[in-house]
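Undergrad: The sequence and its predicted three-dimensional model are supplied below.
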Number of protein chains: 2
Amino acid sequence: MPVETIARTRAESRTRGKAKAAPAPALPLGQILDGDCVERLRELPDNSIDLVFADPPYNLQLGGDLNRPDGSHVDAVTNDWDRFDSFKTYDDFSKAWLAECRRVLKPDGALWVIGSYHNIYRLGATLQDLGFWILNDIVWRKTNPMPNFRGTRFTNAHETLIWASQGEKAKYQFNYRAMKTLNDELQMRSDWTFPICSGGERLKDDEGHKAHPTQKPEALLYRVLLATTERGDVVLDPFFGTGTTGAIAKRLGREWIGCEREESYRAVARARIEKELPLDETALTTMQSKRTAPRVAFGTLVEAGFVKPGTQVFDKKRHFTATVRADGSLVCDKLNGSIHQVGKDLQGASSCNGWTFWHYEDEGLVKPLDAARQLYLLATED
Amino acid sequence: MPVETIARTRAESRTRGKAKAAPAPALPLGQILDGDCVERLRELPDNSIDLVFADPPYNLQLGGDLNRPDGSHVDAVTNDWDRFDSFKTYDDFSKAWLAECRRVLKPDGALWVIGSYHNIYRLGATLQDLGFWILNDIVWRKTNPMPNFRGTRFTNAHETLIWASQGEKAKYQFNYRAMKTLNDELQMRSDWTFPICSGGERLKDDEGHKAHPTQKPEALLYRVLLATTERGDVVLDPFFGTGTTGAIAKRLGREWIGCEREESYRAVARARIEKELPLDETALTTMQSKRTAPRVAFGTLVEAGFVKPGTQVFDKKRHFTATVRADGSLVCDKLNGSIHQVGKDLQGASSCNGWTFWHYEDEGLVKPLDAARQLYLLATED
DNA sequence: ACCCTCACTGAATCCCACA
DNA sequence: CTGTGGGATTCAGTGAGGG
């Protein structure tokens, strides 16, 4: 059975009953609602949202100041919006906004929440109490977490996301194939590894201070939206902050609605999303492709002329350089083998994704081999 | 200095107030209590346990004859449970055994629970409600999880552990230095990677079927006990299963108590622990934190001639220079006081560790004062 | 251009013995 | 109980600046 047919059959068999072409006109798409999210959500119609992504206050309850061993001061989250008197207060708050989310979500919609050990057990229990059905919990492993400066506990190196449907029997969107492709043809697991949001991605105010204390990395939202929405879906973020959800939704061709109480955050988010450009049709189609993306061997790209034998490939820091041979193997000094094998041996690592490890130059730009694979997939699709 | 001596000295200097040498005679050390854990825990004295490790069941239908804490009978299979009823029952059950654990734990004891997204949010919220204070949550990343065969969700590749103390202000045992050593001199993080329990480690019955459906890997218990107990501590496991906790406790020189309702599991556990051999003294000695080392006043080093009065000391960048006086105080311009005080004032910092801040020259080499302290400790041991 | 050093930073429930 | 003060404690990354 041709893969395309399989895919179309699956698409046709879906019964989420979305009306993509004509979303309810009342929805304030592409807007950041101003004010308390529970109140503003009340104004939205029932059954109108495809996905909620929520990054609520964590209720950190920090003690005194904290200094690094070098004496410098740690800039902690001490904002008013993160202060709650008790678990009861926090649970009541959670129940209120989760219940509104549940109402505005379509029956086949789904919800993501993110938190740390301070609040995630409250949130998880509350959403279960409300009838949400947990599909997975996801661990975001930080490659560069803040250390535990006093040596008192384990380094808190992860945050937790919960993905839940409207109920045990409810349908939900999961783009299995897109996730498997993204993960080099292995099933996407429940542990995701990303750096924290820093560098150029971290939004700053005019004085160079971070615009928001807890800005999330775009890669996280990218994966969430790619995994659990379709093009044109409406994504709601009740704690919009500086608008990472909106920016990535726009990039991926999804509609979005945000709620945010702080005008300073809203202003940053508006400017940011304004600048964001949607990916073009072809890129989105590839990513979203309903056909089963065939597994592509590197050798196929060489065969097809997308990578020429003799091409020099190198890692990002140009510590290693290898040469592509006609059969799709690499050679570097005395080592030779697949792109994965050689990358692994050179680094002395236990494994290596050659698609992302090796790079080549194309029109003066350095690109990962994976870019060639995408081009190939684009060209051979029809 | 032999490590044993260090360890003994440090252990003696600790003030957690344990009575290691003579644990309460009533404790059934090295025994697997037969029956419902809530009932059997009631027979244990208050404040007698150092650590609880619990791997509670979440498929409550396993037992078949489940009783609510109020005594009413629940037939999980035939009763038409609604969601609320089922969560309520599970939460009541959790509350019952967690409360008993809380009672038998010493004030400075701690608790571990392990679970998956099915039950961990209930457990985490319940233990918080009871007053336990979460110290970390830990993600066990499985190197070889069961794939999601139907491609409907992310591969569920982890389980979650929660580590909690008796309360916000309560003390707890954390062997920071041992963990850092175990992790190649980097702080141990909150994500741990282990394979699932399989191969020779997986206990089988006579017919080759696995003896217990959820046997945990020994490596997991090894790290838990190494991190949060001392030698001689009493570890309680209320859901003992095939006794991984007991086996590793015995191996690591910890005392243990188990509860298990199923005779078949108890039999497997007894045989297993019987065969387990404790590690010897030398192997059990772990890296100790400086925090537990005997305290040496800087003046003692001056008295003992390890640092001569009049010695010039300076910070690493030689921004500051001070002179050692006969009483072990430093003087620099108009400032004088302890090595810590002067370092602190000179930098305008909130605190300063003079041992590592100040340096001196010895045979042409620049060394921190801490080097002199180490020499003194070596020379004066025993 | 490249390398090296230094300064800075990130959702953090972050000390403890002794007087 | 509180207050005092000794002194233990950090990883990956970005970016600026100098050589």
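TA: Okay, I see it.

Undergrad: Stretch A:97-105 near DNA strand C anywhere?
TA: No. Using Cβ under 7 Å from any atom of the strand, we find that stretch A:97-105 stays clear of DNA strand C, coming within 13.3 Å at best. Using the backbone N, CA and C atoms, a C-beta is placed for each residue, glycine as well.

Undergrad: Now tell me what touches that stretch from outside.
TA: By Cβ atoms under 8 Å, 6 or more residues apart in numbering or on different chains, the residues outside stretch A:97-105 that reach it are A:37-38, A:41-42, A:44-52, A:54, A:56, A:111, A:123, A:126-127, A:130-132, A:166, A:236, A:238.

Undergrad: now with 6 Å?
TA: A:C37, A:V38, A:L41, A:L44, A:D46, A:S48, A:I49, A:V52, A:L111, A:L127, A:L130, A:P238 (Cβ atoms under 6 Å, 6 or more residues apart in numbering or on different chains).

Undergrad: taking those one by one, which sit in strands?
TA: A:I49, A:V52, A:L111 (DSSP state E).

Undergrad: give the contact list for the second one.
TA: Right, the one you point to is A:V52. Here A:V52 is in contact with A:C101, A:L111, A:L236 (Cβ under 6 Å, 6+ apart).

Undergrad: leaving aside the residues next to it on the chain, what's closest to the second one?
TA: Here the nearest residue to A:L111 in space, its sequence neighbours aside, is A:V52; by Cβ to Cβ, 6 or more residues apart in numbering or on different chains that works out to 4.4 Å.

Undergrad: measure that neighbour to B:L41 for me?
TA: Computed with Cβ to Cβ, to the nearest Å, the distance linking A:V52 and B:L41 is 41 Å.

Undergrad: Now do the same for A:A219: helix, strand or coil?
TA: For A:A219, the assignment made with DSSP: H, G, I helix; E, B strand; the rest coil gives helix.

Undergrad: Hmm, A:I196 and it touching each other?
TA: No. The pair A:A219 / A:I196 is not scored as a contact, 10.5 Å apart, by Cβ atoms under 6 Å.

Undergrad: Give the residue spans of the stretch 1-150 of chain A that score low on pLDDT.
TA: Low-confidence segments of the stretch 1-150 of chain A, defined by pLDDT under 70: A:1-25.

Undergrad: Mind checking which of the contacts of stretch A:97-105 are buried?
TA: For those, a neighbour count by 16 or more other Cβ atoms under 10 Å in any protein chain shown gives the buried set as A:C37, A:V38, A:L41, A:L44, A:S48, A:I49, A:V52, A:L111, A:L127, A:L130, A:P238.

Undergrad: Reformat those residues as CSV; add distance to B:M287.
TA: Listed next are the buried ones among the contacts of stretch A:97-105 as CSV, based on distance: Cβ to Cβ, whole Å:
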residue, distance to B:M287
A:C37, 49
A:V38, 51
A:L41, 53
A:L44, 57
A:S48, 58
A:I49, 53
A:V52, 47
A:L111, 45
A:L127, 42
A:L130, 47
A:P238, 47
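
Undergrad: Just name the closest of the residues you listed to DNA strand C, please.
TA: DNA strand C has its nearest neighbour among those in A:P238, at 12.0 Å by Cβ to the nearest atom of the strand.

Undergrad: who has more neighbours, A:A219 and A:I196?
TA: A:I196 (19 against 16; other Cβ atoms under 10 Å in any protein chain shown).

Undergrad: quick one: contacts for that one?
TA: Contacts of A:I196 (Cβ under 6 Å, 6+ apart): A:K142, A:N144.

Undergrad: What's the separation between it and A:V139?
TA: In terms of Cβ to Cβ, A:I196 sits 14 Å off from A:V139.

Undergrad: cool, A:A110 as well?
TA: Relative to A:V139, and taking Cβ to Cβ, A:A110 is found at 18 Å.

Undergrad: repeat for A:Q61
TA: A:Q61 is 22 Å from A:V139, by Cβ to Cβ.

Undergrad: Output the below-cut-off pLDDT ranges for the stretch 151-300 of chain A.
TA: A:282-283, A:285-295.

Undergrad: which parts of it sit against DNA strand C?
TA: Applying Cβ under 7 Å from any atom of the strand, we find that the stretch 151-300 of chain A lies next to DNA strand C at A:151-153, A:156, A:159, A:196-198, A:202, A:210, A:213-215.

Undergrad: hmm, back to that, can you work out which residues contact both of A:A219 and A:I196?
TA: Counting by Cβ under 6 Å, 6+ apart, nothing touches both A:A219 and A:I196.

Undergrad: Name the residues that touch stretch A:74-91?
TA: The contact list for stretch A:74-91, computed with Cβ under 6 Å, 6+ apart, reads A:P57, A:N59, A:L60, A:L62, A:L66, A:R122, A:T126, A:P213.

Undergrad: ok, now with 10 Å
TA: A:56-68, A:92-94, A:118-119, A:121-123, A:125-126, A:129, A:146, A:149, A:209-210, A:212-214, A:239, A:261-262, B:125, B:128-129 (Cβ atoms under 10 Å, 6 or more residues apart in numbering or on different chains).
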